[in-house]
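> What follows is a protein structure lacking sequence information:
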């Protein structure tokens, strides 16, 4: 058991990923979802995604979909704007 002061964002994220994978989820790095799979009722039923490294494409059907962003490092324009010394 951790005390309040020992809980860091890294520990929280690690716990989330561990719980997710124990429940059967697959954590996919360097993978971009490019299309939502919609049900007839307008609900999101999954995603189509592509691995940015090897180009593998995935169709992922799911009961629930969580969309999360990875930051702005994939955008040269935003990287220059926010990380440039100029």
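That came through fine. Every value quoted in this text rests on a predicted model; they were computed, and no experiment measured them. Numbering: from 1, shown residues only.

> Give me the residue ranges of this protein where confidence is low.
Across the chain, the ranges flagged by pLDDT under 70 are 1-11, 70, 86.

> Which secondary structure state is assigned to residue 18?
With DSSP: H, G, I helix; E, B strand; the rest coil as the basis, residue 18 sits in helix.

> neighbours of it, just the number please.
For residue 18, the neighbour count with other CB atoms under 10 Å is 11. Where you see a C-beta, it was placed from the backbone N, CA and C, and this is true even at glycine.

> any idea which helix or strand carries the spatially most central residue of the chain?
Note on the chain: the residue nearest the mean C-alpha position is residue 68, at 4.6 Å, using CA atoms, centre = their mean. Following DSSP states H and E, there is no helix or strand that holds residue 68.

> what about the helices in the protein?
9-22, 76-83 (DSSP state H).

> quick one: which of these is nearest residue 56?
Residue 56 lies closest to helix 9-22 among these, at 19.1 Å (CB to CB).

> quick one: the closest one to chain centroid distance?
Between the centre of helix 9-22 and the centre of its chain there are 13 Å (CA atoms, centre = their mean, to the nearest Å).
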